[in-house]
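*Asks:* Curious how this folds, go ahead:
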Amino acid sequence: MAFPGAEGEARRLQQLMSDHLDHDAVKVRPYGQHLVMDMVCDGDAYPVARLTRLEPGLYGLGFRLHTGRWDPMPVEGSLEEVASCAAQMLAPHFDPSNY
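*Replies:* Numbering: from 1, shown residues only. The predicted structure is shown next:
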């Protein structure tokens, strides 16, 4: 079960990522206490990163390894702060030309 307000937070994060990356290939979906960011290319979705809700208004960032495990990154902050860091730090993984 997603946390209260997760759908709205997912929409906001998707818009922030679109603004930062200048494309709409990143789709965000709530999953439990997470907001998962998928790259969607040719109809296939590839999970790249996720924000974990630590408390209301505070998120941590995680990156999906090739093994399928999630690796926490040293990023914590508001939705806007973590989205900006994700776009900068994981730019090659959010580049549609790499899929």
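
*Asks:* Please state the backbone phi and psi of the most far-flung residue of the chain relative to its centre?
*Replies:* In terms of distance from the mean C-alpha position of the chain, D42 ranks first, at 19.2 Å (Cα atoms, centre = their mean). D42 adopts backbone torsions of phi 50, psi 40, taken as degrees, to the nearest 10.

*Asks:* Check H34 too.
*Replies:* According to degrees, to the nearest 10, the main-chain angles of H34 amount to phi -120, psi 160.

*Asks:* Report the secondary structure state of the residue nearest to it when sequence neighbours are not counted.
*Replies:* Counting by Cβ to Cβ, 6 or more residues apart in numbering, R50 is the residue found nearest to H34 once chain neighbours are left out, at 4.5 Å. For the C-beta atoms, the positions are set from N, CA and C on the backbone; glycine is no exception. Classification of R50 by DSSP: H, G, I helix; E, B strand; the rest coil places it in strand.

*Asks:* circling back: from L51, how far out is the residue farthest from the centre of the chain?
*Replies:* Between D42 and L51 the computed distance is 25 Å (Cβ to Cβ, to the nearest Å).

*Asks:* So which residue is dead centre in the protein?
*Replies:* Computing the C-alpha centroid of the chain and ranking residues by Cα atoms, centre = their mean puts M37 first, at 3.4 Å.

*Asks:* hang on, E7 packs against R29?
*Replies:* No - E7 lies out of contact with R29 (Cβ atoms under 8 Å); the separation is 9.3 Å.

*Asks:* what about the strands in the protein?
*Replies:* Taking DSSP state E, the strands of the chain run over residues 26-31, 34-41, 44-55, 58-64, 70-77.
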